[in-house]
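Colleague: Curious how this folds, go ahead:
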Amino acid sequence: MSAKRLGRAVAGSILLALCACASLTAQERPSVVLVSIDTLRADHLRSGGARDVSTPALDEIAAQGVTFTQAVTVAPLTLPAHASLMTGTYPHFHGVRDNSGYRLPESIPTLAESFGKAGYQTAAFLGSAVLDRSFGLAAGFDHYGDQFGQAAERRGLLAERRAGAVVDEALEWLGRRGQRPVFVWIHLYDPHSPYRAPGSLARRGYKGEIEYADSQLARLFGFLKSEGLWDRSLIVAVSDHGEDLGQHGEPTHGFFVYDTVLRVPWLMKLPGGSPSGLRLDGQVSLIDVAPTIAQVVRLPVAPSAQGNGQLAAILGKSDSSGEVYAETLYPSLHFGWSPLFAIRTSRYKFVAAPQPELYDLEQDREETVNLAQRERALANRLKSRLERMRRLLQGKEPQTAQLEIDPELRARLNSLGYVTSSRGDAPAGADKGPDPKQKIGVYARIYQGMEAYTEGDLEAAQGHFQSALQRDPGVPLAHDYLGSTYLAMGRLTEAIAAYREAIRLAPTRVESASNLAYAYLQTGKLEEAAAGFELVTQLAPSDWQAWQLLGVAQLRLGRLDRAEEGFRQAAQRSPRNRQVLYNLGSVYQQQAKHLLAVEVFRRLVVQEPGDAEAWNSLATSYEASGLVDQAEQAYQQAIRSDPQYAEAFYNYANLFARRQDLARSEALYRQAIEADPSFALAYRNLAAVLELQGKKGEAAEYRQKFESLSSP
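Modeller: Numbers count the residues shown, from 1 in each chain. You can find the predicted model right below:
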C-alpha cells in the first residue's frame with residue numbers, strides 16, 4: 001500500500017487518538033521517549049536498506065510506526081545537531097556552530113521546557129561530555145545525567161560511557177517516576193569512533209557499535225512494555241549525524257557535508273500503535289523533529305521553531321518534501337580553511353565552497369560526479385536559494401552564544417577525538433580559506449595523530465603530525481598537538497618550539513598559550529611560565545586552571561602574595577575543586593593567615609568529610625590560630641578517616657609534646673612510625689620525648705634510626 005493510501009486509511013484512527021490527547025489532563029497525556037544515537041548512518045539500519053546489521057529494537061519502531069526515509073541533519077557535529085534537535089531551529093539561528101566555544105542561548109525555548117510547562121517529568125541521560133550542561137541543553141530538564149562518575153570509560157578523562165550505563169541510569173530513574181507523564185531523552189554515543197563494542201561485537205567495528213547500542217535499546221523497550229508505557233507512549237529514534245567511513249577521504253565526520261554524514265534515521269512509534277510500517281519518502285530535516293513531537297502530543301509548537309511538524313504528512317494530507325540546509329564550520333574554526341554550506345532538494349545538493357559542488361542525488365547517490373561546471377545555471381539558482389535561506393533563517397538578531405570552555409571539559413572533549421577551540425568567529429562566507437577538499441589529506445593525518453595520541457602511541461602520533469605539517473606547515477593546531485606529543489614524550493625543548501610556532505601562527509589561540517606556559521613550568525622556567533599563564537588569564541579570564549597554574553608558578557618563585565591571588569581567582573571560578581582549595585589554604589598557612597586557612601579547609605571537609613589530608617590541614621590551621629580544642633577534634637577526625645595517615649599522628653603528637661603531655665605524644669609518634677616506617681621526623685621527635693622521660697637507651701636507638709633515614 002502506498003504511503004498516501006495508507007495515510008488515508010489510518011488518518012481517522014490517528015485523529016481520534018490525537019483529539020483524545022488534547023482533552024486529557026496532564027497526568028493522562030502520553031509519555032515521550034526521545035532516543036538520539038550518535039553517529040548513526042541511515043543506510044546502516046534495515047529500515048535504510050542495510051542487510052548486514054542486526055538492529056531488532058530499532059526495526060520494531062519502524063515496523064510499528066513511521067520511517068522518514070529522507071531525513072537530513074543540519075550539521076555533522078554532535079552539539080550543533082542536538083541544539084537543533086531540541087529547539088527546531090538551524091545553527092545559524094540558535095548560534096551553536098561547533099562542538100565547543102558556543103552555548104545555546106537561554107532565550108531560545110527547548111523541547112524539554114515545553115514539556116516541563118505542560119506538567120511532564122523531564123530527564124536526560126547522556127553518553128558523552130560533548131553534551132555537557134555547560135553548553136545550555138540542560139534547560140527544562142528536572143534531571144540532566146551528564147555526571148558520568150565511575151560508569152564512564154576512562155579514556156583521558158571521564159568523557160564517554162557505554163550505552164549500557166546510560167540505559168541503566170535511565171531505567172533507575174524511570175523506576176522512580178511519579179504519576180505524571182515523562183519526557184525522557186536518551187543519548188547513546190557508542191557508534192562514535194573509536195569503534196570498541198564489548199565482547200564479540202568488537203570485531204565488527206562500526207557495525208558492532210550499532211548492534212550493541214540497539215541491544216541496550218531492547219532493554220529499555222522491554223522495561224517500557226513491562227510498565228505498560230510502550231503502547232501509550234510516543235517513541236522517537238533519530239541520529240545527530242552519520243559517518244563518512246572514508247568514502248570521501250574523511251575518517252569520521254564533521255569535515256564534509258556529503259550524505260554519508262548528513263542522512264540520518266528518523267523513526268517514530270505513535271501512541272496507540274497507528275500507523276504501522278508507514279514509510280514517508282519526502283525530505284525532512286532534524287529541525288522538524290521537535291515540532292512534530294509537539295504536534296503529536298498536542299503541545300504548542302515554539303514560536304521560534306523553523307522546522308515543520310510532519311503530522312499532516314503522516315496523515316497523508318501533505319507531502320513532507322522541502323529544501324533543507326546544512327553546514328559545517330569545523331574546517332574553518334579549527335584549521336583556517338573554508339566552511340561549507342549546503343542546500344539539499346529532493347533531487348539535488350549544492351555545496352557552497354571555493355570550488356562549488358553540485359550532485360544529482362537520484363543518479364549519483366555516492367556524490368562522486370560534481371556537476372557544478374556542467375550545470376552552471378542550476379548551480380547558480382541553488383546558490384542563490386542557499387544564500388537566501390541563510391539570510392532569512394538567521395533571524396533578526398543572530399545569536400553569537402560564544403562560550404569559554406572549562407579546561408577540564410576541553411580535555412574530556414579532546415579525549416573523544418574532538419578538536420576544541422575557544423574561537424567563536426563564524427566566517428561570513430564560503431570563500432574564506434582553502435577548500436577543504438584540497439586539505440583532506442592534511443586533515444586525515446591530523447586526525448590519525450589525534451587518535452594515536454589518545455591511544456598512547458606517541459611515536460605514531462608524532463609521525464602523523466609531522467606528516468601533516470610537511471603538507472601544510474601553516475596549521476597552528478598541528479603544531480600544538482605535536483607539542484603536546486613531545487611533552488608527553490618528555491622532549492620538553494621540542495615541545496616548547498612546537499608551541500611557540502603554533503602561537504606565532506595564531507597569537508590569540510588560548511590552548512597553545514596555555515600549553516606553552518605549562519611546558520615552561522615543567523622545565524623549571526618559572527618566569528616564562530608565570531608570564532604565559534598571565535597571558536592566558538587575560539585571553540580567557542574564566543579559565544580556572546590557568547589561574548591555578550599561575551599560582552603554582554608564583555609560589556615556586558617565592559611570591560606568596562601573587563600565588564595567593566592566583567589560587568583565589570581559581571577558587572572563585574571552580575569553587576568545589578579540591579586541589580585549588582587545598583593550594584589556597586596552604587598558601588594562607590605559609591603567609592600565617594591561619595584563620596583564612598581555617599575557612600578554606602573547613603570548606604574542604606564539608607565538601608568531602610572523609611578527606612583525611614584536609615582534616616589534618618584544618619587541624620594544623622586551628623592549632624596555629626590558638627584553637628587547640630578544635631585542632632584536637634580535627635586530628636581525631638583525620639585519623640578516623642585514614643588510620644594509616646602517618647602525618648596526622650605526627651602532627652597530633654606534636655600538639656601533645658608542646659603541652660608536655662609526653663606519654664600521649666610518645667604513643668602517637670609510635671603510631672606514626674607504625675603507619676609509615678620511613679617517617680624520619682617521627683623517629684627524631686620520638687627520641688626527644690623518650691629522652692625527656694629518662695628513657696635514654698631507647699631514645700638513642702630511635703635517634704640513630706632518624707640519622708640513618710636522613711643520611712643521603
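Colleague: what bits of the stretch 201-350 of the chain have low per-residue confidence?
Modeller: 320-321 (pLDDT under 70).
Colleague: residue boundaries of the helices in it?
Modeller: Ranges of helices in the stretch 201-350 of the chain, per DSSP state H, counting those that start in this stretch, are 205-226, 259-262, 289-296, 311-314, 330-335.
Colleague: Report the buried residues of the longest one.
Modeller: Spelled out, it's helix 205-226. 206-221, 223-224 (16 or more other C-beta atoms under 10 Å). The C-beta positions use only the backbone N, C-alpha and C, and glycine is treated the same way.
Colleague: so where's this structure shaky on pLDDT?
Modeller: 1-27, 148-158, 320-321, 395-432.
Colleague: Can you tell me the centre-most residue of it?
Modeller: Ala129 (2.0 Å; C-alpha atoms, centre = their mean).
Colleague: What distance do you get for that one to Leu516?
Modeller: Ala129 sits 25 Å away from Leu516, going by C-beta to C-beta, to the nearest Å.
Colleague: now Leu686
Modeller: According to C-beta to C-beta, Leu686 stands 48 Å off from Leu516.
Colleague: try Tyr359
Modeller: 44 Å.
Colleague: who's more crowded, these two?
Modeller: Neighbours per residue (other C-beta atoms under 10 Å) separate Tyr359 from Leu516, with Leu516 holding more: 27 against 24.
Colleague: Next, that one: phi, psi?
Modeller: When read as degrees, to the nearest 10, the backbone of Leu516 gives phi -60, psi -40.
Colleague: Which residues are in contact with it?
Modeller: By C-beta atoms under 8 Å, 6 or more residues apart in numbering, Leu516 lies in contact with 483, 496, 499-500, 502-503, 532.
Colleague: measure Ala597 to Glu623 for me?
Modeller: Counting by C-beta to C-beta - Ala597 and Glu623 are separated by 11 Å.
Colleague: That should have said Gln121, apologies.
Modeller: Distance of Gln121 to Glu623, given as C-beta to C-beta: 50 Å.
Colleague: likewise Asp43?
Modeller: Separation of Asp43 from Glu623 (C-beta to C-beta): 70 Å.
Colleague: Neighbour count for these two, which is higher?
Modeller: The residue with more neighbours, out of Asp43 and Glu623, is Glu623; 21 against 15, by other C-beta under 10 Å.
Colleague: Run through the residues that contact that one.
Modeller: Shown in contact with Glu623 (C-beta under 8 Å, 6+ apart): 631, 651, 655.
Colleague: Now do the strands in the stretch 601-712 of the chain.
Modeller: Counting by DSSP state E, counting those that start in this stretch, the stretch 601-712 of the chain forms no strands at all.
Colleague: What of the stretch 51-200 of the chain?
Modeller: Under DSSP E, counting those that start in this stretch, the stretch 51-200 of the chain gives strands at 66-72, 121-125, 143-145, 153-155, 157-160, 182-188.
Colleague: Mind putting those into JSON lines with distance to Arg176?
Modeller: Shown next, in JSON lines, are the strands of the stretch 51-200 of the chain (distance: least, C-beta to C-beta, whole Å):
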{"stretch": "strand 66-72", "distance to Arg176": "31"}
{"stretch": "strand 121-125", "distance to Arg176": "10"}
{"stretch": "strand 143-145", "distance to Arg176": "10"}
{"stretch": "strand 153-155", "distance to Arg176": "26"}
{"stretch": "strand 157-160", "distance to Arg176": "24"}
{"stretch": "strand 182-188", "distance to Arg176": "11"}
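Colleague: Tell me the spacing between the closest residue in space to Leu668 that isn't next to it in sequence and Ala675.
Modeller: Of all residues not flanking Leu668 in the chain, Ala653 sits nearest, at 3.5 Å (C-beta to C-beta, 6 or more residues apart in numbering). Ala653 is 12 Å from Ala675, where distance means C-beta to C-beta.
Colleague: Equivalent analysis for Gln579, please.
Modeller: Per C-beta to C-beta, Gln579 is found 24 Å from Ala675.
Colleague: who's more crowded, those two?
Modeller: Using other C-beta under 10 Å as the criterion, Gln579 and Ala675 rank with Ala675 on top: 19 against 13.
Colleague: wait, doesn't that one sit right on Ala638?
Modeller: No - counting by C-beta atoms under 8 Å, Ala638 is not a contact partner of Ala675; they are 11.8 Å apart.
Colleague: Find residues that contact each of these two.
Modeller: Contact criterion C-beta under 8 Å, 6+ apart; residues shared by Ala675 and Ala638: Tyr645.
Colleague: and Leu77, how many neighbours?
Modeller: 28.
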